[in-house]
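# Please find the sequence and the predicted model below.
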Amino acid sequence: MDSLTQFVLGAGVGAAVMGRRLGPRKAALVGGVLGTLPDLDVLVPFDDPVDSFILHRGASHSLFVHAVVTPLIGEALVRLFKPLRDQRIVAYLAVFLCLTTHAVIDALTVYGTRVFWPVLPDPVGVGSIFIIDPLYTLPLLVAAVWALFLRDWARRFGAALAVCLALSTAYLGWGLVAQQVVQARATAVLTAWGIEPERLLAIPTPFNSVFWKAMAIDGDRYLNLYMPVFGNDNRMTAYAHPSGRELAGCLVGNESLEKLAWFSDGFYRVERQAEEIVVSDLRMGLTPNYAFRFAVAEMTAEGPRAIAPERRRAQRGQDGDLDWLLANLAGETALRPAEDGFVKLATAPPADGAKRAGC
């Protein structure tokens, strides 16, 4: 999640656990700092941008690591704050919860979080909440701001804090339910079209949890199915795009491609741009502007040659995206102007842009 959300979540948890002892203000500030600690792994230097991408949210987000460092940080709090001198369990609990709630909500995004490292080293990326969702953050922000204006604990604040934490937690639960609803509907639609995708994943479109994108990998193409949680399938729109699997076959042994294919859980696209071969993670961003794109090879007379990977940044959005999103959120069925490859029936051949690319 974004840094603001992580801070206010930590502030809310800190205030709930330590607020009666430290006072809401100090407890919220301490909790907010603790809630941002796991993301300090961005300061760790990596060999190349691909490693930096796939190794973020690593050991610093592990629940096992959090359990190990909790006594160290908790003991520091006990020594630093006099009201916690005889409240060691409270201090330890606050540290552990502030760290682990950070990791858990990160795992609910699609990026991937190694919450069980080193026992289970693969990242967990559920994808049930967008990385920035105002409806999740707002209750926590209200509680955090209120806490910063309170020196001493107040019963009214305690009740409001409990409500805010309950609302934000319930919203996470709603996202998990909505994701299952959308994936089930997408599976039914694809089955009716005669498609059995290799992989299928539903993720929310930006900043909301009622309008979703279901991605389906289907051979050398992938499909984006946009649909609301509420409403019938007549409001769904679908687009087909080349996945570049044939081109990927020309890059056997390319370490960067193998890393990205593993980290994206197979939701990746390989395309040739001028003389470069670029790999995009399909889970983050909207076609064609994916947030994480890497040049991993270049074309030569002898064929593709691996290069030191370089990140290729894309613009955040396309003209018309905001109007398209708002229209669909308002209950209208709107086509996305920035996305070619619209299909009425997914049984049709890939769109014009989905032609196979050889070596």
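Ah, there it is.
# who's the closest residue to Pro304 other than its chain neighbours bridged to?
Nearest non-adjacent residue to Pro304, counting by C-beta to C-beta, 6 or more residues apart in numbering: Ala297, 4.4 Å away. All C-beta atoms are positioned from the backbone trio N, CA, C, and that covers glycine. Taking DSSP bridges as the rule, Ala297 bridges to Ile277, Ala306.
# Now do Ala297 against Val252, distance only.
11 Å (C-beta to C-beta, to the nearest Å).
# How about the contacts made by Pro337?
Applying C-beta atoms under 8 Å, 6 or more residues apart in numbering to Pro337 gives the contacts Gln318, Asp319, Gly320, Asp321, Trp324.
# Sorry, wrong one. I was asking about Ala306.
Taking C-beta under 8 Å, 6+ apart as the definition, contacts of Ala306 comprise Leu251, Gly253, Asn254, Glu255, Ser256, Val296, Ala297.
# Name the spans of this structure whose pLDDT lies under the cut-off.
345-358 (pLDDT under 70).
# any chance you could map the strands in this protein?
All strands of the chain, identified by DSSP state E, fall at 199-204, 211-218, 221-228, 237-242, 268-273, 276-281, 285-286, 289-290, 293-300, 303-311, 342-343.
# same for the fifth one, what does it pack against?
With contacts taken as 3 or more C-beta pairs under 8 Å, 6 or more residues apart in numbering; DSSP states H and E, strand 268-273 sits against strand 237-242, helix 245-248, helix 255-263, strand 276-281.
# For the third one, enumerate the helices and strands it packs against.
Here helix 255-263 touches helix 49-55, strand 268-273, strand 276-281, strand 293-300, strand 303-311, going by 3+ C-beta pairs under 8 Å, 6+ apart.
# and that helix, how far from the chain's centre?
When C-alpha coordinates are averaged (C-alpha atoms, centre = their mean, to the nearest Å), helix 255-263 and its chain have centres 18 Å apart.
# same check, this time on the last one
For strand 276-281, the distance between its averaged C-alpha position and the chain's averaged C-alpha position is 20 Å (C-alpha atoms, centre = their mean).
# Please identify the most buried of the helices and strands packed on helix 255-263.
Counting by mean count of other C-beta atoms under 10 Å, strand 276-281 has the highest mean neighbour count of the helices and strands packed on helix 255-263, with a mean of 24.
# was I right about Phe7 contacting Leu37?
No. The pair Phe7 / Leu37 is not scored as a contact, 10.7 Å apart, by C-beta atoms under 8 Å.
# just checking, what's the longest helix in this protein?
The residue-count maximum for a helix in the chain (DSSP state H) belongs to helix 155-192.
# counting contacts, what elements does that helix pack onto?
Using 3+ C-beta pairs under 8 Å, 6+ apart, helix 155-192 sits against helix 3-22, helix 88-108, helix 134-148, strand 199-204, strand 211-218, strand 221-228.
# got the angle for that helix vs helix 88-108?
30 degrees (axes from the mean of the first three to the mean of the last three C-alpha atoms, to 10 degrees).
# what about helix 155-192, distance to the chain center?
Distance of helix 155-192 from its chain centroid, counting by C-alpha atoms, centre = their mean, is 15 Å.
# Over to stretch 240-250?
24 Å.
# And that stretch, what's buried?
Within stretch 240-250, the residues scored as buried using 16 or more other C-beta atoms under 10 Å are Ala240, His241, Pro242, Ser243, Gly244, Arg245, Glu246, Leu247, Ala248, Cys250.
# for that stretch, how far is the first residue from the last?
22 Å (C-alpha to C-alpha, to the nearest Å).
# again with stretch 327-340
OK, stretch 327-340 end separation, C-alpha to C-alpha: 18 Å.
# how about that stretch: buried residues?
Of the residues in stretch 327-340, those buried (16+ other C-beta under 10 Å) are Ala327, Asn328, Ala334, Arg336, Glu339.
# wait, which of these is closest to Leu141?
Lowest distance from Leu141 to the buried residues of stretch 327-340 (C-beta to C-beta) belongs to Asn328, with 26.0 Å.
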